[in-house]
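>>> heads up, no residue letters with this:
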């Protein structure tokens with residue numbers, strides 16, 4: 001039984017596993033997206049997310065902590081210069097796992113793990129969705145006509161707009 005066993009050992013010794021995760025993290029930072037198995041991607045996510053959080057604070061101490069895990073000076077430099085500026089306002093969830101199906105040789109579940117802020121296609125779709133309507137707004141078939149009506153109302157002078165006339169006659173309900 002595997003009670004409280006939170007680490008997926010991936011069939012490797014501790015040194016092999018840490019070296020593999022370090023190499024995969026360096027590749028992910030360099031290429032912004034890598035293809036791997038789902039189990040390795042989930043293990044890599046747990047490995048790299050704290051490092052990305054550390055990179056938001058550019059101090060010598062955080063650089064040394066990240067370098068101790070990655071063991072590659074060029075990758076650490078790229079992480080602190082480029083990646084940390086893009087993820088600065090994100091509170092977490094820096095990676096995304098997209099499942100791609102099974103590998104032909106051994107039918108292992110394959111996926112793509114990528115840095116969220118570097119996928120231009122999904123960022124464009126997100127921006128396009130934001131510019132559409134909100135959840136509670138009414139559906140309008142012709143937004144151009146509606147915009148023209150609003151512009152006409154804004155440009156008209158207050159003297160042209162007539163106020164409703166009031167009747168000074170007593171209403172029949174009071175009689």
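Okay, I see it. Just so it is clear, the structure is predicted and the values come from calculations on it, not from any experiment.
>>> quick one: residues contacting the most centrally placed residue in the chain.
By Cα atoms, centre = their mean, the mean C-alpha position of the chain lies nearest to residue 116, the distance being 4.9 Å. Shown in contact with residue 116 (Cβ atoms under 8 Å, 6 or more residues apart in numbering): 87, 90, 93, 94, 95, 96, 122. C-beta: built from backbone N, CA, C; applies to glycine.
>>> per-residue pLDDT, it?
Looking at residue 116, its pLDDT is 93.
>>> burial check on the nearest residue to residue 71 once chain neighbours are set aside, number of neighbours?
If the residues on either side of it in the chain are set aside, residue 71 comes closest to residue 22, at 5.7 Å by Cβ to Cβ, 6 or more residues apart in numbering. Look at residue 22: counted by other Cβ atoms under 10 Å, it has 20 neighbours.
>>> can you pull the contacts of residue 22?
69, 70, 71, 72.
>>> for it, which three-state class applies?
helix (DSSP: H, G, I helix; E, B strand; the rest coil).
>>> which residues does residue 13 contact?
Residue 13 neighbours (Cβ under 8 Å, 6+ apart): none.
>>> let's see it at 10 Å
If a contact means Cβ atoms under 10 Å, 6 or more residues apart in numbering, then residue 13 has residue 19 as its contacts.
>>> could you check how far it is from residue 43?
14 Å (Cβ to Cβ, to the nearest Å).
>>> can you give me the strands for the protein?
33-37, 95-102, 109-115 (DSSP state E).
>>> how about these, which one is nearest residue 59?
strand 109-115 (21.9 Å; Cβ to Cβ).
>>> buried ones in that closest one?
Neighbour-count burial for strand 109-115 flags 110, 111, 113, 114, 115 (criterion: 16 or more other Cβ atoms under 10 Å).
>>> pull up the pairing partners for it, direction included.
strand 33-37 (antiparallel), strand 95-102 (antiparallel) (DSSP bridges).
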